[in-house]
Every structure is written in C-alpha cells, then in structure tokens.
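In: Sequence isn't available, so here's the structure alone:
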C-alpha cells in the first residue's frame, strides 16, 4: 500500500518548515505570517509533485469544523425532494460545505438507521426531512443531545430551526375550485408512508365537502403507499366505486400522475370524465397530458432556506429558534374541468 504523503514530506521536498507548509496550504498567510512568493510557489510545486491531499479527519479534529452537512430525505423517486437537495447543495457549496445525502426510502427502520449513521459522522449540522418522525422521537432527541445544529422540515421537534410548509389554505382553495366546477363526488388519494404527513390536505378536503352538505364517506378516501404503482392500484379502487368520483384530489403530484394513468387504463378522458389535482408542482406536472392542476411550493428555495437557517445557527448558537413558513400557490392547468352530467362508469 502506498505511503500517505504528509506535510513533513512536502516540507522536506520544498526545503522549508512544516509550519510554513501548513500556513500556505490552509491559507493562513498575511498579517504576522510573512511568506515570500518564491517560497509559496516552491511549496505548491512540492504539493503537486507529491500528490499531497490534506487529511480531512485530522484537520477537523484540530479545528472543530468539518465542512460537512448531512441531509436526510424520505424518497429518491420523488422529484420534490431532489429539488430540496439542489437548494441545499447550492447554498452549502457557496459557503464551502459539502453535503452528505442519506435516503430513507419511506421505510421506518431505514429511517432509524439513517439517523443513527448520520449521528456517527463528524458533521457540522443536519438537515432533516422525515417520514416517521412521530415514531423516532427518541432518536431525534439523541441527535439533539450531541449538540449538533439541526434544521428540520415540518416541525419535527420543538425549539429547533424549522422550515414550515403547510398546504391548509391552498388545499381549501383547490377544493373551492373543484366545488365551483360543480364536483361533489370528490375522492382523496392518500398515498403516503405515514398518514400524519398529509392531514394538512385531508382536513381541508373533508371540511370543504361538509360545507356543501356532502360529507365524504370512508370509501372516498383511499390510503396506499407512496410509489406510483401503489398509487395506480389505489386510483383504480376509487374509480371502481359506483357511482365513481367525478374528481380526485391526490396527496401529491406523483399520486395525481398515477391517477391519470389509471384513468387512461379505464378509457376515461381527463378532464371531460374526471378532474385530477395534486400538490407540489414537480417539473413533470406541467409536462404530463393533460398538464396537472396542482399546488406549487418552491422546494429548491426551501432547501436554500434550510442552509441559511443552519448558517445563522453557526454564527449565533444561542439565538432563539427561527421558523420560516413557505408559501403555497394553486396553479390551474388542464386536468380540471366542469363536472360531467353523465359520468362514464
């Protein structure tokens, strides 16, 4: 195995001291540290010749700063979470941080293992988007006990910096849109690994139907997992009702796209025979046929905000927790239309 090149090796090759090499490599030059340009060039040439890389672990032990942020997302198949990652990575990189990504795949035990693994790493902070946070409170408290800087999405724990995202108002507006088109038999496709996640959409759905004297029976709300395949099967279950819904609200755009697929398999035309709405406004929502009526949130900006909260925590460790509420906006496209007079069965 090749010998690891040290700063001492670089110093011997450059004909200088190890402290001089350290100052040049770490950028501690200027002020009281006087190094000639000739010496700097000689050291840099030795670094290149010997293929020297600073040992990150040793450097972080000395400084207490690792330059690493951990990010946990729930699902690699949902574009919404990749948009969050883009925002996190963008701001982290601007400030000299690298992002270590962990994915729980919506699974409870996997999420538990991810939290444990992230807690074992030397990092400056963690950004958490979780599915099963209600069942992993002990693990979250253990992370807090390590004095790690933590930024969470959705209010996982009290007294930590949080990016909030509530769909309540937008879901109410979306239901008003459907009711205004004459729809009363509106199904709800609840495709999520953890039901508690979607109550900010389910509650306005139920309240809106009750407000027009049409409380939703149990069979109008179908629960399933978070994959497209599970969503298609659940949409077929809704579309098999007699009489079937004239509109379906899906908990997110992936489930709405699954509903479009199920409708096409049954020979239904959207929006003539069935209106479909979703949430998140992922990139694909505007490109499917027909383009999807949905609720837009800027997931990339949410990722950016999370890192800004983290940077503030680094500079003001004793500051009160900050909570940032991100807006949601209804986007009307072509997947919604007037309630059909004679629904196709």
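Out: Structure's in. What do you need? Note that this is a predicted model, so its numbers are computed, not measured.
In: Show me the shaky parts of this protein.
Out: Counting by pLDDT under 70, the ranges of the chain that qualify are 1-4, 25-33, 53-65, 156, 342-345.
In: Outline the domain layout of it.
Out: According to automatic domain parsing, the chain comprises the domains 7-54, 67-166+299-326, 168-297.
In: Switch these over to JSON lines; also include mean neighbour count and distance to residue 339.
Out: Where C-beta positions appear, they are placed from N, C-alpha and C, glycine not excepted. Shown next, in JSON lines, are the domains of the chain (neighbours: other Cβ atoms under 10 Å; distance: least, Cβ to Cβ, whole Å):
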{"stretch": "domain 7-54", "mean neighbour count": "15", "distance to residue 339": "65"}
{"stretch": "domain 67-166+299-326", "mean neighbour count": "18", "distance to residue 339": "28"}
{"stretch": "domain 168-297", "mean neighbour count": "20", "distance to residue 339": "4"}
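In: Let me know which of those domains is the nearest to residue 332.
Out: Checking those against residue 332 by Cβ to Cβ gives domain 168-297 as the closest, at 5.4 Å.
In: First-to-last residue distance for that closest one?
Out: 13 Å (Cα to Cα, to the nearest Å).
In: quick one: that domain to chain centroid distance?
Out: 22 Å (Cα atoms, centre = their mean, to the nearest Å).
In: which residues in this protein form helices?
Out: Under the criterion DSSP state H, the chain contains helices at 7-14, 18-26, 37-50, 56-63, 79-94, 108-120, 137-145, 168-180, 199-211, 228-239, 253-265, 299-315.
In: what residues does the first one touch?
Out: Translated: helix 7-14. Here helix 7-14 makes contact (Cβ atoms under 8 Å, 6 or more residues apart in numbering) with 17-18, 20-22, 25, 39, 42-43, 45-47, 49-50, 52.
In: let's go with 10 Å and repeat that
Out: 3, 5-6, 16-22, 24-25, 39-50, 52, 54-55 (Cβ atoms under 10 Å, 6 or more residues apart in numbering).
In: need the contact list for the residue most central in space within the chain.
Out: The centroid of the chain falls nearest to residue 81 when counting by Cα atoms, centre = their mean (3.6 Å). The contact partners of residue 81, by Cβ under 10 Å, 6+ apart, come to 71-75, 101, 103, 129, 153, 280, 282, 299, 303.
In: just curious, which of these is nearest to residue 321?
Out: residue 153 (13.9 Å).
In: Let's see which of the contacts of residue 81 end up in strands.
Out: The strands, defined by DSSP state E, take in 71-73, 101, 103, 153 from the contacts of residue 81.
In: wait, residue 240 sits on residue 266?
Out: Yes - with contact defined as Cβ atoms under 10 Å, residue 240 reaches residue 266; the gap is 8.8 Å.
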